[in-house]
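S.K.: curious how this folds, go ahead:
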Amino acid sequence: MAPPAQSQRSPSPSQPSGKSEVSDLKLQLRQLAGSRAPGVDDSKRELFKKVISYMTIGIDVSSLFGEMVMCSATSDIVLKKMCYLYVGNYAKVNPDLALLTINFLQRDCHDEDPMIRGLALRSLCSLRVANLVEYLVGPLGSGLKDSNSYVRIVAVIGVLKLYHISASTCVDADFPSILKHLLLNDSDTQVVANCLSALQEIWSAEASTSEEASREMETLISKPIIYNLLNRIKEFSEWAQCLVLELVTKYVPSDNSEIFDIMNLLEDRLQHANGAVVLATVKVFLQLTLSMADVHQQVYERLKAPLLTLVSSGSPEQSYAVLSHLHLLVMRAPYIFSSDYKHLYCQYNEPSYVKRLKLEMLTAVANESNTYEIVTELCEYAANVDIPIARESIRAVGKIALQQYDVNAIVDRLLQFLEMEKDYVTAEALVLVKDLLRKYPQWSHDCIAVVGNISSKNVQEPKAKAALIWMLGEYSQDMQDAPYILESLVENWDEEHSAEVRLHLLTAVMKCFFKRPPETQNALGAALAAGVADFHQDVHDRALFYYRILQYNVSVAERIVNPPKQAVSVFADTQSSEIKDRIFDEFNSLSVVYQKPSYMFTDKEHRGPFEFSDELGNLSIGGEAAHTVVSAQRVEENDKDLLLTTSEKEETRGSSNNGSAYTAPDDSSSTSVFASQTQIESATNSTAPGHSPQASFGIDDLLGLGLPAAAPPVPPSPQLKLNTKAALDPSTFQQKWRQLPVALSQEYSVSPQGVAALTSPQALLRHMQSHSIHCIASGGQSPNFKFFFFAEKAEESSSYLVECIVNTSSAKSQIKIKADDQSTSQAFSTLFQSALSKFGNP
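M.R.: From the prediction side, this is the model:
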């Protein structure tokens with residue numbers, strides 16, 4: 001029987017069929033290495049292209065290193081470039097092979113063709129092999145003195161590469177001094193720009209250890225060098241101009257006349273076609289005149305035209321970058337830009353991110369003279385097909401009204417929005433009307449007349465529904481159907497998923513009860529009963545709080561819940577003035593585009609508290625948790641929770657030197673205090689001094705809550721048993737933590753014995769493990785510790801995940817529990833609290 005025929009498959013020209021193909025290439029390259037036949041360079045090109053293509057797709061062709069080097073003995077610059085590319089790629093991973101290239105690269109550094117000299121020098125410096133630095137010093141010294149500017153340009157960057165390979169070799173060869181000489185005397189501006197860039201990087205790195213480097217760094221911003229660079233600035237490339245202008249911002253002129261000289265010299269740079277040059281020049285003007293208030297304002301006036309021109313020209317991305325800087329200036333001095341508001345109108349073809357920024361600026365520049373035109377324009381955007389922009393435009397109208405400009409007309413516009421048959425328009429208008437009523441109570445009659453016609457069933461967004469409920473409670477005496485609307489909402493309590501809405505509903509029913517008691521009596525009783533039974537901790541606490549103050553004294557409850565309201569004069573700003581000033585100092589950088597200082601997105605300490613990385617960051621994991629504790633500054637988690645409140649953070653920074661930057665956990669709609677179930681039960685069973693139980697029975701009877709004495713005893717919950725050998729890998733823990741909702745969020749007290757025992761996380765880890773609660777990760781330093789625990793039910797594979805934050809200075813622990821089975825989370829919480837309370841006991 002004949003063997004089966006093998007399919008004939010031609011190999012791809014860019015994919016070798018095996019080692020034989022590489023061997024064939026090696027043989028062909030060796031044959032061409034010493035050949036001087038006509039057309040041999042063309043043959044070499046084809047082979048070199050094959051080698052480079054194989055290398056590009058990840059095939060190891062390092063075995064051809066010797067043949068490639070031998071074939072590089074040619075005057076063909078294309079072959080030289082491909083050979084240098086090959087050499088640079090394999091020299092990094094195989095330093096031994098790099099030794100083979102030194103001779104031919106050094107030889108090429110003395111070639112007659114300046115292009116080959118430059119390419120060879122660049123390739124030689126790109127080898128980045130520490131034991132070959134001695135071979136770089138000679139070629140670099142020659143390159144810095146080369147008659148051709150291209151070679152000098154490459155040599156300057158080569159010095160910087162040498163510094164990063166071996167700083168001592170670079171400094172000992174006195175290359176920084178040579179670069180400084182070239183900076184002041186070289187005829188080619190690109191050489192000068194490269195020298196400036198290299199010297200800034202070298203001396204900045206050396207300044208921490210060398211006083212001489214510090215002095216040299218200061219000489220870069222001295223008057224002779226600054227003026228020398230400014231006088232030649234028109235000769236520089238755009239990149240180099242930005243580099244020089246950034247250096248000028250650090251220069252401190254001796255007097256006002258010098259400031260005006262510099263600004264006059266740079267006046268024409270504001271008309272440059274490149275946006276980067278214009279923004280760099282703008283930064284110079286702003287920094288130079290910070291101490292001159294009148295001139296600084298005139299600078300704003302001068303900068304308007306070039307910036308507005310840049311915004312209207314170029315790509316949307318460039319427009320956004322320039323507009324972000326213009327936005328910063330507008331927020332600092334809105335009155336200067338108030339006459340140019342029409343330049344900030346949105347165009348139909350602009351992307352939404354540009355429109356959103358323009359809407360913020362229109363809100364800022366609004367004043368008495370232009371409010372009508374701006375609000376008219378914004379109202380047109382409310383019908384925009386882009387719903388997010390429509391929402392932003394309505395918010396902008398409300399913000400202008402809160403600035404006390406043309407309030408009468410704006411209130412009428414907002415009331416018209418309420419009558420539009422678009423859910424998102426109605427939702428945004430309701431939120432704004434609530435804010436307006438808080439600031440302008442005198443408009444309540446007109447607003448309530450319109451709001452009363454809105455059906456709560458047609459409002460689905462939580463913030464809008466919360467605003468409507470707030471108005472129903474606050475102005476229930478003016479809205480005939482308010483008690484009945486609130487009662488219908490209470491009846492549908494279980495269908496309301498937003499804790500924010502349920503919190504507002506509790507407060508609104510309480511307010512309505514004090515204004516119209518007979519009609520609200522049943523609704524309040526049902527609301528308190530539903531609130532006390534609510535699974536959300538804040539809703540539960542607020543309902544319990546209202547119930548207790550009603551038990552204590554109804555008049556006191558009315559003074560607390562429904563006091564005389566005062567108009568809100570100023571709404572809180574979302575960004576502090578300190579952060580705004582910091583962003584202004586970092587003008588012409590990503591800080592302006594991100595609208596946050598650079599330390600918030602570059603410095604790891606401020607990158608975000610406790611973020612998980614893909615491998616649970618630098619937290620101690622698994623078995624290491626019992627032996628290793630990671631520094632609090634390096635522990636990160638993905639839940640976006642913070643460890644301490646702002647005030648606690650300042651106290652911690654003052655009392656300890658561990659550099660922690662922790663803040664407190666922020667749960668949505670958290671407006672009440674945390675309380676453990678034990679604390680709630682003990683408080684419920686106690687009565688206030690001087691207050692008889694019979695008075696509370698009257699409230700219970702009035703609200704239809706029933707007598708506590710007649711309540712049947714609550715059957716004890718079944719004891720939860722945990723798996724003593726539970727196991728969970730970090731990746732599964734991380735995935736579950738991201739997916740599962742928070743079942744319970746509580747605060748426990750830690751016993752003094754527990755605080756004394758918690759000198760390091762290991763003691764608590766061993767203690768909890770003895771209660772079948774295992775640690776997946778831990779970290780922190782005294783007084784702040786953070787732990788991630790997990791446990792598993794004994795009967796089934798149902799997991800509990802716990803975040804435990806312990807502050808030994810306050811003897812408090814904040815617990816967040818997530819569970820596969822939400823119904824048993826309270827039982828696990830009790831078990832966890834019991835285990836934690838025993839920590840430190842003998």
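S.K.: phi, psi for the residue positioned nearest the centre of the chain please.
M.R.: Nearest residue to the geometric centre of the chain (C-alpha atoms, centre = their mean): residue 601, 6.0 Å. Dihedral pair for residue 601: phi -130, psi 10, per degrees, to the nearest 10.
S.K.: over to residue 813?
M.R.: When read as degrees, to the nearest 10, the backbone of residue 813 gives phi -130, psi 130.
S.K.: how many neighbours does it have?
M.R.: 24 (other C-beta atoms under 10 Å). Using the backbone N, CA and C atoms, a C-beta is placed for each residue, glycine as well.
S.K.: residues near residue 786, how many?
M.R.: Neighbourhood size, residue 786 [other C-beta under 10 Å]: 24.
S.K.: that one should be in a strand, yeah?
M.R.: Yes - with DSSP: H, G, I helix; E, B strand; the rest coil as the criterion, residue 786 is located in a strand.
S.K.: tell me how far it lies from residue 765.
M.R.: 12 Å (C-beta to C-beta, to the nearest Å).
S.K.: between those two, what contacts are shared?
M.R.: Common neighbours of residue 786 and residue 765, using C-beta atoms under 8 Å, 6 or more residues apart in numbering, are residue 778.
S.K.: chain neighbours aside, what residue packs nearest to the residue nearest to the centre of the chain?
M.R.: residue 594 (6.1 Å; C-beta to C-beta, 6 or more residues apart in numbering).
S.K.: distance of that neighbour relative to residue 323?
M.R.: 14 Å.
S.K.: so where is the stretch 301-450 of the chain shaky, pLDDT-wise?
M.R.: 404-406 (pLDDT under 70).
S.K.: may I have stretch 720-730 exported as PDB, CA atoms only?
M.R.: In PDB, the C-alpha atoms belonging to stretch 720-730 read as follows (Å, rounded to 0.1, in the frame of the first residue of the first chain):
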ATOM      1  CA  LEU A 720     -24.500  29.900  61.200                       C
ATOM      2  CA  LYS A 721     -21.700  27.300  60.800                       C
ATOM      3  CA  LEU A 722     -18.600  28.000  58.800                       C
ATOM      4  CA  ASN A 723     -16.300  25.800  56.800                       C
ATOM      5  CA  THR A 724     -13.000  25.500  58.700                       C
ATOM      6  CA  LYS A 725     -11.100  24.500  55.600                       C
ATOM      7  CA  ALA A 726     -12.500  27.200  53.200                       C
ATOM      8  CA  ALA A 727     -10.200  28.200  50.300                       C
ATOM      9  CA  LEU A 728     -10.400  31.100  47.900                       C
ATOM     10  CA  ASP A 729      -7.800  32.300  45.400                       C
ATOM     11  CA  PRO A 730      -7.100  36.000  45.100                       C
END
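S.K.: ok, what's across the strand from residue 791?
M.R.: The partner list for residue 791 in beta bridges (DSSP bridges) reads residue 800.
S.K.: that one: neighbour count?
M.R.: When neighbours are counted by other C-beta under 10 Å, residue 791 registers 26.
S.K.: ok, now the one 10 residues further on?
M.R.: Residues contacting residue 801 under the criterion other C-beta under 10 Å number 22.
S.K.: how about residue 190?
M.R.: Applying other C-beta under 10 Å, we find 18 residues neighbouring residue 190.
S.K.: next up, the contacts around it.
M.R.: When contacts are counted by C-beta under 8 Å, 6+ apart, residue 190 touches 149, 153, 236, 237, 240.
S.K.: could you do residue 353 as well?
M.R.: Listed by C-beta under 8 Å, 6+ apart, the contact partners of residue 353 are residue 320.
S.K.: name the element it belongs to?
M.R.: Here residue 353 sits within helix 352-365, counting by DSSP states H and E.
S.K.: then residue 804?
M.R.: Short version: residue 804 belongs to strand 799-807, going by DSSP H and E.
S.K.: run through the protein and note the low-pLDDT ranges.
M.R.: For the chain, applying pLDDT under 70 flags the ranges 1-19, 404-406, 573-575, 603-718, 842.
S.K.: tell me how far the helix holding residue 353 lies from the chain's centre.
M.R.: From the chain centre to the centre of helix 352-365 is a distance of 21 Å (C-alpha atoms, centre = their mean, to the nearest Å).
S.K.: tell me the helix or strand right after that helix.
M.R.: Per DSSP H and E, the first helix or strand lying C-terminal to helix 352-365 is helix 371-381.
S.K.: same for that next one, what does it pack against?
M.R.: Other elements packing on helix 371-381 under the criterion 3 or more C-beta pairs under 8 Å, 6 or more residues apart in numbering; DSSP states H and E are helix 352-365, helix 387-402, helix 407-418.
S.K.: and that helix, which residues are buried?
M.R.: Neighbour counts using 16 or more other C-beta atoms under 10 Å place 371, 374, 375, 377, 378, 379, 381 of helix 371-381 among the buried residues.
S.K.: can I get these in CSV with distance to residue 244?
M.R.: Putting those into CSV (distance: C-beta to C-beta, whole Å) gives the following:
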residue, distance to residue 244
371, 43
374, 40
375, 45
377, 41
378, 42
379, 47
381, 42
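S.K.: so which of these comes closest to residue 68?
M.R.: Nearest to residue 68 among the buried residues of helix 371-381, counting by C-beta to C-beta, is residue 381 at 63.0 Å.
S.K.: burial of the closest residue to the closest one other than its chain neighbours, as a residue count?
M.R.: Setting aside the residues directly before and after it, residue 381 is nearest to residue 393 in space (C-beta to C-beta, 6+ apart), at 3.6 Å. By the criterion of other C-beta under 10 Å, residue 393 has 27 neighbours.
S.K.: my guess is residue 393 contacts residue 376. True?
M.R.: No - judged on C-beta atoms under 8 Å, residue 393 makes no contact with residue 376 at a distance of 11.4 Å.
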